[in-house]
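In: Okay, predicted coordinates and the sequence, questions at the end:
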Amino acid sequence: MNELTAKKWLKQAIHDLDIAEKNIAIEGYDIAAFLSHQAVEKLLKALFILQGKKPPRIHYIDELAQELNVSEEILSYIDEISVDYTISRYPDVSESIPYELYDQLIAQQKVESAQKVFNLLREFYNNLLEDDNDE
């Protein structure tokens, strides 16, 4: 694992977060929530790679974050979106169908939580983005 691999994970994470936000405009609220989770998961896995570690093959972003020893503030935002990996996709994990559970306000909150995680962790990955500006 190397910086190039971490950069791929990071670029996909940023893309997922961008698409999450765009889904709100088309009322894809459940998809926005799911992609917010995916964006954070990929960001955290990029950080594992940057530390020279193989990212765990799990989807539990709270566990990934704890393993990375992120701050309590970051963990609080992660806790807000950790359930969305399953709730936003599977109709048999709650009493409602996923698309009926989410509305614009909830989706916006999920996207904002993911954005806050990205902003709070920016110092750890920002140098990967700066490389793109040199090309």
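Out: Everything's here; your move.
In: tell me, which helix in the protein spans the most residues?
Out: In the chain, with assignment by DSSP state H, the single longest helix is helix 104-134.
In: Buried residues in it, which are they?
Out: Buried positions in helix 104-134, judged by neighbour count with 16 or more other CB atoms under 10 Å: 106-111, 113-118, 121, 125, 128. C-beta coordinates here come from the backbone N, C-alpha and C atoms, glycine included.
In: Stretch 69-83 too?
Out: Buried residues in stretch 69-83, counted by 16+ other CB under 10 Å: 70, 74, 75, 77, 78, 80, 81, 82.
In: can you put those in CSV and add secondary structure and pLDDT?
Out: Listed next are the buried residues of stretch 69-83 as CSV, based on DSSP: H, G, I helix; E, B strand; the rest coil; pLDDT from 0 to 100:
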residue, secondary structure, pLDDT
70, coil, 97
74, helix, 98
75, helix, 98
77, helix, 98
78, helix, 98
80, helix, 97
81, helix, 97
82, coil, 97
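In: ok, now which ones touch the residue nearest in space to the middle of the chain?
Out: What sits nearest the mean C-alpha location of the chain, by CA atoms, centre = their mean, is residue 40, with 1.7 Å. With contact taken as CB atoms under 8 Å, 6 or more residues apart in numbering, residue 40 is in contact with 13, 61, 78, 81, 114, 117, 118.
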